[in-house]
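Visitor: Task: produce atomic coordinates for the following.
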Amino acid sequence: METHRRIKGLVDYIADRYHNAVEIGIGCFPDIAFQLIQKGLKVFATDIKPYYYKGIKVIVDDVTEPMFFLYKDVDLVYSMRAPTELVPYMINLAQKIPADLIVKPLSSEYLNGKLFSYENTTFFIWEYKKCMESEKR
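Guide: Have a look, this model is predicted:
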């Protein structure tokens, strides 16, 4: 139940602010992606291994050498339980496409993003999409 409440907070935050999202490193935990799709978001996922989930498009891609064209219409990159050594690559991807980045790390790992709390969950956020939109005005 506690885990569901934490996931709900993150899902609600994302669903209220974004339209097209990609989950980096979906692995064996597609719950967030499924819930976002149910709320009407366009979502696909990537991982270095092939995973198959009915209703979620999963593409084999390595965030350390991403195929940038895959992320063309994305306004949010997110990752659950991301290894800290991969976060700089996610930041690079988010900056280049541009999109915001949300990382929900393993329990006590520290990341240098802005720590944000919403409902019953906390996560780190880097906002690049909004910066690029401001520069275009």
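Visitor: which residues does the residue most central in space within the chain contact?
Guide: The chain has Tyr78 as the residue nearest its centroid, 0.9 Å off, counting by C-alpha atoms, centre = their mean. Counting by C-beta atoms under 8 Å, 6 or more residues apart in numbering, Tyr78 touches 14, 21-24, 32, 101-104. C-beta: built from backbone N, CA, C; applies to glycine.
Visitor: could you dump the residues you listed to a markdown table with pLDDT?
Guide: Compiled in a markdown table, those are given as follows (pLDDT from 0 to 100):
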| residue | pLDDT |
| --- | --- |
| Ile14 | 96 |
| Ala21 | 98 |
| Val22 | 99 |
| Glu23 | 98 |
| Ile24 | 98 |
| Ile32 | 95 |
| Leu101 | 97 |
| Ile102 | 95 |
| Val103 | 93 |
| Lys104 | 88 |
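Visitor: Neighbour-wise, which one of these leads?
Guide: Taking other C-beta atoms under 10 Å as the neighbour criterion, Val22 ranks highest of the contacts of Tyr78 with 28 neighbours.
Visitor: Now secondary structure too, for the contacts of Tyr78, in TSV please.
Guide: Rendered in TSV, the data for those read as follows (DSSP: H, G, I helix; E, B strand; the rest coil):
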residue	secondary structure
Ile14	helix
Ala21	strand
Val22	strand
Glu23	strand
Ile24	strand
Ile32	helix
Leu101	strand
Ile102	strand
Val103	strand
Lys104	strand
